[in-house]
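predicted model, plus sequence, below.
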Amino acid sequence: MAISPLCPARQAAWRVRMRRKKLVKKTPKIAGSAPGTLVHVGERKAERIRVQILDYTSEHLEERALSGEEIAECCSYKETPTVSWINVDGIHEIGQIEALANGFGLHPLVQEDILDTEHRPKFENYDDYIFLVLKMLQFNGERGEISTEQVSLILGPGYVISFQERQGDVFDAVRERLRLGKGRIRRMGADYLAYALIDSIVDSYFAILEKIGDEIEILEEELVLDPGRDTMTRIHHFKREMILLRRSIWPLREVVSSLQREESPLVTEGVGLYLRDIYDHTIQVIDTVETFRDIISGMLDLYLSSVSNRMNEVMKVLTIIATIFIPLTFFAGIYGMNFEYMPELHWKYSYPLLWLLMIASAAGMLLFFRRKKWL
Amino acid sequence: MAISPLCPARQAAWRVRMRRKKLVKKTPKIAGSAPGTLVHVGERKAERIRVQILDYTSEHLEERALSGEEIAECCSYKETPTVSWINVDGIHEIGQIEALANGFGLHPLVQEDILDTEHRPKFENYDDYIFLVLKMLQFNGERGEISTEQVSLILGPGYVISFQERQGDVFDAVRERLRLGKGRIRRMGADYLAYALIDSIVDSYFAILEKIGDEIEILEEELVLDPGRDTMTRIHHFKREMILLRRSIWPLREVVSSLQREESPLVTEGVGLYLRDIYDHTIQVIDTVETFRDIISGMLDLYLSSVSNRMNEVMKVLTIIATIFIPLTFFAGIYGMNFEYMPELHWKYSYPLLWLLMIASAAGMLLFFRRKKWL
Amino acid sequence: MAISPLCPARQAAWRVRMRRKKLVKKTPKIAGSAPGTLVHVGERKAERIRVQILDYTSEHLEERALSGEEIAECCSYKETPTVSWINVDGIHEIGQIEALANGFGLHPLVQEDILDTEHRPKFENYDDYIFLVLKMLQFNGERGEISTEQVSLILGPGYVISFQERQGDVFDAVRERLRLGKGRIRRMGADYLAYALIDSIVDSYFAILEKIGDEIEILEEELVLDPGRDTMTRIHHFKREMILLRRSIWPLREVVSSLQREESPLVTEGVGLYLRDIYDHTIQVIDTVETFRDIISGMLDLYLSSVSNRMNEVMKVLTIIATIFIPLTFFAGIYGMNFEYMPELHWKYSYPLLWLLMIASAAGMLLFFRRKKWL
Amino acid sequence: MAISPLCPARQAAWRVRMRRKKLVKKTPKIAGSAPGTLVHVGERKAERIRVQILDYTSEHLEERALSGEEIAECCSYKETPTVSWINVDGIHEIGQIEALANGFGLHPLVQEDILDTEHRPKFENYDDYIFLVLKMLQFNGERGEISTEQVSLILGPGYVISFQERQGDVFDAVRERLRLGKGRIRRMGADYLAYALIDSIVDSYFAILEKIGDEIEILEEELVLDPGRDTMTRIHHFKREMILLRRSIWPLREVVSSLQREESPLVTEGVGLYLRDIYDHTIQVIDTVETFRDIISGMLDLYLSSVSNRMNEVMKVLTIIATIFIPLTFFAGIYGMNFEYMPELHWKYSYPLLWLLMIASAAGMLLFFRRKKWL
Amino acid sequence: MAISPLCPARQAAWRVRMRRKKLVKKTPKIAGSAPGTLVHVGERKAERIRVQILDYTSEHLEERALSGEEIAECCSYKETPTVSWINVDGIHEIGQIEALANGFGLHPLVQEDILDTEHRPKFENYDDYIFLVLKMLQFNGERGEISTEQVSLILGPGYVISFQERQGDVFDAVRERLRLGKGRIRRMGADYLAYALIDSIVDSYFAILEKIGDEIEILEEELVLDPGRDTMTRIHHFKREMILLRRSIWPLREVVSSLQREESPLVTEGVGLYLRDIYDHTIQVIDTVETFRDIISGMLDLYLSSVSNRMNEVMKVLTIIATIFIPLTFFAGIYGMNFEYMPELHWKYSYPLLWLLMIASAAGMLLFFRRKKWL
């Protein structure tokens, strides 16, 4: 009978998992230090910084890969009439990031925010450029965990700079479309490129929600068919993931809506329709997250009622057995007494009669329980 | 005694039901693919695409049925001075839908949304035409499930195009009114036709809410009169359906309200009053759904308290029996001891005296329980 | 011991009550039928339609009663310079209502709404007249139920038409004031009359809230002093009534506020102050309903904790009895064994010594329980 | 063992308390009676009406006391260039109140509201004067109850009239400042006087919140250290008081904010800063009430978990005792059987061996319980 | 077995802790006293008042320390063209504070607010200067408590005055930057200095949230691995701290947003960007607090379900033992009876047969329990 709260192996697993997912990450910044002081907040997720440049017009496409040390070369793309997408993987080398940012004239506060991976999604218009913070999500089905990666976008005239925490992203399809010159992407400006990147991120949320939806359904099935000790911990775990997920996704609504409403020359009218589409998708994502929260909270009630029902059944079994046998044992006890003067002891048929009485009493009890629908 | 969580037959039924109703449908679209890439999201619900055209003025009415292959012929109705209603059943043949949509000059994003059956109800004004997404609901009483079908409406100058996932809808009464020329429908424009279609959908919600209301009342009765193990699962099921229903209906409010407020030349002033009426109905539908949610959440509390009450009763039976017989058994045990020197054993009347004592003790206990109202 | 969920008499009562109060009423209207198609939705509450006309200026008052068949005669009051109040009791004879409505030029949608008794309170300005839907409430103390009756008001230039579902209303005091010419009512126009009617309805809510408040207090007393099996069902019943009551009263706020803000020539400035007063009362009514909801939801917690407390007590009694007697019975059992070599059996004082031991052990247990405050 | 729901003395106390605090007060007004019909709603709290007049400029101060019969004399202060504060204690003599109100030209609806002590706090601007309804609170620590008294203020040009339900108020410090001519109060106008009175009322809330805060902390301590049967009833009582308190205080926010924003010549600009200060205090009061509500609702959870924990402990004691002794009793029973052929009965050491076995089994059980941390 | 609600040492600790943290602090102010009457509300946290002056331009920096008695000397810094930061530690010496405040022409209400340490964070624009109230937080990990200290800021033309309750603050890094002339702080005006101070405070919140986050994770781990009696009390304690923390932080959002939007000549445009940055941080802090609240509330459910699960297990052990041995004891009792005519007693193999029967019955029970997954 495994009644210890959780077996040691699970305990260890839990501990490891918790260690990995701090609610608030350690921030090395000292309160009161000058704003714009560059400090990298968060885990170091990449070995080295890598930069990829895609420079294109509708006619030509140039693709370059730079190492972190060569990052300053990007700045030459600032003033070109082409559209340039500068993608930076890894943000832990402060000096290199600073070189690039200064080259493009980014405000110190923007630089600070790019390095702080704990930011909420946000939109800021610095006239010369627009600064966006977004979250890229990944769902690890095995551990049932969602991990987030911060993506910062700078949309300037004729260029988009994207900063990611590590390599690997959801932008491959965009790259492919750029290379193949398929669709309207090559014919349009930097704002459309930025839209395409945001769209990729929001689209990737649907895939994650689908996976989570599947997990929730499996959990729901387990809950109805065979709720175990673990079920509650897993419900709690999902609830917690939803809280953290919601925190990443909610502000997105405002970000996209600001981007859409802002009257910036950087966002042309033709892209407005596409932004409205992203906005719709964002609402749909938020809607689904809220639905999941509601369903999970309903599962909690279901679990608690199921625990109560089980208790009820345990108690019924005990009560039925005890109620039948305790009176019988009493009667057996009576005739086990050693009084000298107990006439029944000497009657010939008292033993079988007692058996009859006992069987009748037990049958009566059973009938009583059946009438109460306990059986 | 059926104490297994759920009998196997029910388990299977549950599994099948759950399989059928994914929270989030599989989407074949790849994150990052070009916006406006046409992909059909959702189940394929119809064998073939069928198109029905109703073209009318107040004097004449023409009715045509086309197969999916002939869909391009619809485009000739775009420029006619008559009002044309083009109803498309089935949206899985992307090529055919695209042909129609391009013929009417629909934006790629609109085409994408028509094919994606997972959309929230929405309103979009594309100047030349208005795009609406709505949900048609059906309630399957046997399984207690609500199924949704997406209806997309395009309201252009002199035409309305409606896309449905499968055949069979709630528009038959509208068709009848068109054919008979009854009421004002034939005398009015495409905006009134669109209104009539939306009104049919909203009206059909009332019938569904009525059925759900009946089911809730049956469940409530069951809950008060004879709550079983299943009741909680059913309450949870209804709660879940309400969450999903709400998700389909809430956005409708905004859709109708946008339609009403939007100053588009496509919506004439005369139709405004009718839209206000739909708005009222929408509010009433939402109101009812919220009321149902409140009532269901109250049922949960009632169920939990009923489970606790039953436990209380089981415990009382056990306690009464045990409290009466355990002391008696002790006394019987005492005089079953084999000590050599036990004077009571040899007294003549000790046996009947012990019986008296025992009966008195049992009676005392019963009185005590009665005073506490346990009996 | 009455452990069946609810005695049959109560069961029957519950069933009858539930039948009477459908959450959503059957609507005979077919989805998709033409808007403005007149269908009476709801119970038929009156035998025949009766019409009462009060036509007055500050100098004269004419009072007439018409049967439903003579209803068309009302239309002559439309153009008179006097103020006319046409009160219609019963709305099930569609033809008669239609005749009246057409005589006064009411929009088909208004006519539809008058007949649909399931409407939420609403305000609509049709330039020529203002259309209001209100709910008249009645509280049946015996059954603890609130029944609603819909009142539709048409405020036109110089006339007010009121439609009620049945005879009997809260307007008698208004009639009396009109007849006696007391106060300012006869000196003022149709807008003041409409105000007086709305005021009567809102005032009647206070009386109902007072009665419900009394019932809630009785229930609360019962809950604290002697909670029974029924209490929970009654709390649930009240919660449900509150949900439905709220649904009738909430929209009123918007109705009165619209009436107040609307710049219609039908509402003169002098009446504005009075409408503000009604608005205040409406807020107060809503406030009280919300307070009742909060209190009822607190009662639920109290009930659940009281059930848990009772369970605790039952368990304590069982535990005390079992814990005292089970060890004693064990000792008695020991010396009831038939081993040949049991030295204690032959000692002279072992029997009284055992008694001493037993009494000491029981006393120890009792002390232990007292220290834990179980006794 | 006191298991009756509540001892009779407490029951009586509860009943008396509940009688005293009707949720909704009996209103003698008949629904539909003319608006402005003067009816006193609420308890009669004072024997006779008393009027106090403080008439002042920065140079002189006149103080007069009038009985209810002489109330009409106040009207002479309406037109004086001095600032006059007319304070009326007791509002049950309708005729006297009416005389005063008519003398100052108050609207009939204002007169009605002054007499209806069940009003929510409100602000109304009647151009010539401003009408305010406020609530004065008193906390009775012994009974843990908050009682409210309605204060109506009329702020006119050069005069303030205050109506209270009974004698005794929180304005003594204002009177003192007026008499001593301390601070700026004598140099400023009627609007500053009104401000000073409102400020006194809002300040008095802090003292009450402080007392309630103390009571909540005592309750919280009791809950953690020694929760009894009463605790839950008291938590419920506090929750209920908070609901009612909130109802008195919430509307105040709007009242003060209206007063501040209203562009009335009666409120000079210099007083605006002071009103902003009151507004801040009001927000702080509301904030504290909300915090109390949150804390009380947390106490409920704590109580329920504490009840469950106690049940757990009761069950553990029972289980430990029963699990140890029931098997032992079984073994004793075995060797109490009277079979002819039971070899063990005749072995020499079987009795001590059985004891050894029993002790080992009991020790094993104890070890098992210790490993599960039940001991 | 420690079943007493809480051990005495913990009880005492709890009492002391509660004493220290009054929900509402004692306020010596008498309701109705003149506004602007200076009274120090709150604990006296410092021995003596100390003043530190930092007066600087981009070229020079002067640093002075004054005692409370010399406070009037600060006033000479009001009119200088340099930027002066006057930091006052300790606010209990009313006379000294008043001297300073009057020297700078602060409004009496501002003076009152500086002394009242129970204020919510607030923003007030007095044209000549801006008045801000903020809360500095400290987290005591040992006691799991958050203590607050009020900081009032006056931002005037060319000067910032800060009032703190005691010595020790989060401004050391700002002082350092001023002394070293690092960054832009020395080149900018008083508004930037005010920004730097607010930024230091908001930044310090992150460190506190990080610590609280750690504590919550430890608690969560404890809850999953080994929930004890204390766990619930600690969850409640955290919930309470969150309620109070939230109350300190929520209003900050409005304060920063007002500061940002206010069009005051005191706040130059260049500082606007920095204020937007603080605003973002504030939103992030609030967001985290809300997330903590959600997680804590989820922990409560987890705890309750864990208590129920444990109860279930206790009951299962009892039921298994009782259900196996009670029937066996009954059989032993049967053959312990002393009837003369009991044939089984004389059969040779009845004893071993009975053992077989008993073992079979026990095995059957065990199988039954295994099938139900109780074992």
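It's in. Given the structure is predicted, the values throughout are model-derived calculations rather than measurements. Numbering: from 1, shown residues only, chains lettered A, B, ... in the order given.

and the spatially closest residue to residue A:241 that is not a sequence neighbour, how far is that from residue A:287?
Once flanking residues are discounted, residue A:241 sits nearest to residue A:146: 5.5 Å by CB to CB, 6 or more residues apart in numbering or on different chains. Using the backbone N, CA and C atoms, a C-beta is placed for each residue, glycine as well. In this structure, residue A:146 and residue A:287 are 18 Å apart, going by CB to CB, to the nearest Å.

so for those two, which sits in the more crowded spot?
Between residue A:146 and residue A:287, residue A:146 has the larger neighbour count (other CB atoms under 10 Å in any protein chain shown), namely 19 against 14.

wait, is the more buried one part of a strand?
Yes. Applying DSSP: H, G, I helix; E, B strand; the rest coil, one finds residue A:146 inside a strand.

the residue in the stretch 201-350 of chain A that chain E sits nearest to: neighbour count?
With CB to the nearest CB, the shortest gap between the stretch 201-350 of chain A and chain E falls at residue A:332, namely 3.2 Å. Look at residue A:332: counted by other CB under 10 Å, it has 25 neighbours.

is it true that it touches residue E:339?
No. Residue A:332 is not in contact with residue E:339 according to CB atoms under 8 Å; the separation is 10.7 Å.

hmm, the longest helix along chain A touching chain C?
Longest helix in chain A by number of residues (criterion: DSSP state H): helix A:269-334. No. Judged by CB under 8 Å from any CB of the partner chain, helix A:269-334 and chain C are separated, with a smallest distance of 8.7 Å.

how far out from the middle of the chain is that helix?
Chain-centre distance of helix A:269-334: 20 Å, with CA atoms, centre = their mean, to the nearest Å.

next secondary structure after that helix?
helix A:350-371 (DSSP states H and E).

and the pLDDT for the residue nearest to residue A:319 when sequence neighbours are not counted?
Nearest residue to residue A:319 in three dimensions, chain neighbours excluded: residue B:318, at 4.1 Å (CB to CB, 6+ apart). What the model reports as pLDDT for residue B:318 is 92.

ditto for the one 3 residues further on
What the model reports for residue B:321 is a pLDDT of 92.

who's in contact with it?
A:319, A:322, A:323, A:326, A:327 (CB atoms under 8 Å, 6 or more residues apart in numbering or on different chains).

switch to 6 Å and redo it
A:323, A:326 (CB atoms under 6 Å, 6 or more residues apart in numbering or on different chains).

low pLDDT regions in the stretch 1-150 of chain A?
The stretch 1-150 of chain A contains residues with pLDDT under 70 at A:1-36, A:44, A:46.

switch to 90 and redo it
Within the stretch 1-150 of chain A, the stretches with pLDDT under 90 are A:1-49, A:58-60, A:67-81, A:90-95, A:108-109, A:112-113, A:115-120, A:127, A:137-148.

so how far is stretch A:355-370 off the chain centroid?
For stretch A:355-370, the distance to the chain centre is 57 Å (CA atoms, centre = their mean).

circling back: quick one: the residue nearest to residue A:319 from residue E:319, how far?
With CB to CB as the criterion, residue B:318 and residue E:319 are 11 Å apart.

residue A:181 now?
From residue A:181 to residue E:319 the distance is 74 Å (CB to CB).

please apply the same query to residue A:365.
From residue A:365 to residue E:319 the distance is 17 Å (CB to CB).

these two: which has the busier surroundings?
Taking neighbours as other CB under 10 Å, residue A:365 and residue E:319 compare with residue E:319 leading, 22 against 18.

now do the same contact list for that one.
For residue E:319, counting by CB under 6 Å, 6+ apart, the contacting residues are A:314, A:317, A:318.

kindly reformat these as CSV containing neighbour count.
Below are the contacts of residue E:319 laid out as CSV (neighbours: other CB atoms under 10 Å in any protein chain shown):
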residue, neighbour count
A:314, 23
A:317, 23
A:318, 22
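
hang on, residue A:183 in a helix?
No. Counting by three-state DSSP, residue A:183 is not part of a helix but coil.

confirm that residue A:38 sits in a strand.
No. Counting by three-state DSSP, residue A:38 falls outside a strand, being coil.

from memory it sits against residue A:92, does it?
No. Checked against CB atoms under 6 Å, the pair residue A:38 and residue A:92 is beyond contact range at 11.2 Å.

these two: who's more crowded?
Higher neighbour count among residue A:38 and residue A:92: residue A:92, with 20 against 16, using other CB under 10 Å.

helix, strand or coil: sort out that one for me.
coil.

repeat that for residue A:263.
With three-state DSSP as the criterion, residue A:263 reads coil.

same check on residue A:55?
strand.

ok, it to chain C distance?
Using CB to the nearest CB, to the nearest Å, residue A:55 is found at 58 Å from chain C.

what's the local residue count around that residue?
Residue A:55, neighbours per other CB under 10 Å, totals 19.

near chain B, anything from whichever helix or strand residue A:207 is part of?
Using DSSP H and E, residue A:207 sits in helix A:190-225. Yes. Helix A:190-225 reaches chain B (CB under 6 Å from any CB of the partner chain) through A:200, A:203, A:204, A:206, A:209, A:210, A:213, A:217, A:221, A:224, A:225.

quick one: mean pLDDT over that helix.
89.

which other helices and strands does that helix contact?
Under the contact criterion of 3 or more CB pairs under 6 Å, 6 or more residues apart in numbering or on different chains; DSSP states H and E, helix A:190-225 touches strand A:130-140, strand A:159-164, helix A:269-334, helix B:8-20.
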